[in-house]
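Pasting the sequence and the predicted model now:
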Amino acid sequence: MSAHLVIAIDGPAASGKSSVARVLARRLGYVYVNTGAMYRAVTWHVIGSHLDPSHSDAVLSLLESTRIACEIEAQESVVRINGVDPGAELQGEQVNRAVSTIATIPEVRRQLVAMQRAYGEKADSVMEGRDIGSAVFPETPYKFYIDASPEVRAQRRAKQGLQDSILQRDKVDTSRRMSPLVIAEDAHVIDSSHLTVDGVVGEIVGRLKLKGLLAADF
Ligand code: DC
């Protein structure tokens, strides 16, 4: 059990979970933790070091000499690689293309999951990712899985002006051996295809009231 409350929000790429998790965290006064950014930061470093993301031995030896710092600033998670916050470069096309491959490497997952659990020791959080409810905090009673149709998800990425082969990422994310993207048995599933961010947040808040975490008049 973590020392603090964790609300787990999982789902596929471009399902809207980042926007939802951030707004929900603000409303609750919890810390927003983006675990995809942690896998992206490692991927950014691998690319910047001119390594092939599929060469796991080379990736792991790079990590041995890499300082990954996961911090909280302005109530949000921030990842620094050897003291540098990659910022908007985390959303770059090269990172999009390689991140799912990096996320299949078990030792990378072990290291990042340990850092994700450490957030659970620091503050109440809304944590988004792929395996938060199923593998990182399986004991949390507050699990949500946000989905949307592939068409809606592709439109959302296009609107953001980002190149991202989300179906390819879905395939790798759902088929990897270690903690793949699955719907946790006790997760509440929300299809966000026809909902606004506030609509999804409203549904989550309603569920948290039913579970007794929030007062009826919250
Ligand atoms: O949420 P995102 O699209 O920024 O995540 C980027 C990639 O990181 C995703 O395709 C798979 C990986 N990831 C993961 O394996 N486990 C997580 N908890 C979060 C992300």
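On my side now, so go ahead.

what residues does the chain put near the ligand?
Contact residues, the chain versus the ligand (CB under 6 Å from any ligand atom): 13, 35-36, 39-40, 99-100, 103, 129-132, 169, 173. For glycine as for every other residue, the C-beta is placed from the backbone atoms N, C-alpha and C.

With respect to E151, which of those residues is nearest?
For the residues of the chain next to the ligand, the minimum distance to E151 (CB to CB) is 13.5 Å, reached by A13.

what's the neighbour count on the closest one?
Residues near A13, counting by other CB atoms under 10 Å, number 25.

Next, the contact list for it, please.
R153, R157, D164, I166, R169, D170, D173 (CB atoms under 8 Å, 6 or more residues apart in numbering).

which secondary structure elements does the helix or strand of the chain with the lowest mean pLDDT contact?
Ranking every helix and strand in the chain by mean pLDDT, DSSP states H and E puts helix 150-159 at the bottom, with a mean of 90. For helix 150-159, the packing partners by 3 or more CB pairs under 8 Å, 6 or more residues apart in numbering; DSSP states H and E come out as helix 166-175.

just how off-centre is the helix it packs on within its chain?
14 Å (CA atoms, centre = their mean, to the nearest Å).

ditto for stretch 53-62
22 Å.

With stretch 168-179 instead?
For stretch 168-179, the distance to the chain centre is 14 Å (CA atoms, centre = their mean).

for stretch 24-40, same thing?
Distance, centroid of stretch 24-40 to centroid of chain: 8 Å (CA atoms, centre = their mean).

List the buried residues in that stretch.
Buried positions in stretch 24-40, judged by neighbour count with 16 or more other CB atoms under 10 Å: 24-25, 27-28, 30-40.

same question, stretch 48-67
Buried, per 16+ other CB under 10 Å, within stretch 48-67: P53, S56, V59, L62, L63, T66.

Does the fifth one belong to a helix, a strand or coil?
Local secondary structure at L63 is given as helix here, using DSSP: H, G, I helix; E, B strand; the rest coil.

which residues sit in contact with it?
Per CB under 8 Å, 6+ apart, neighbours of L63: V42, E107, V108, Q111.

Average pLDDT for the longest helix along the chain, rounded please.
As assigned by DSSP state H, the longest helix anywhere in the chain is helix 106-122. The average pLDDT for helix 106-122 rounds to 98.
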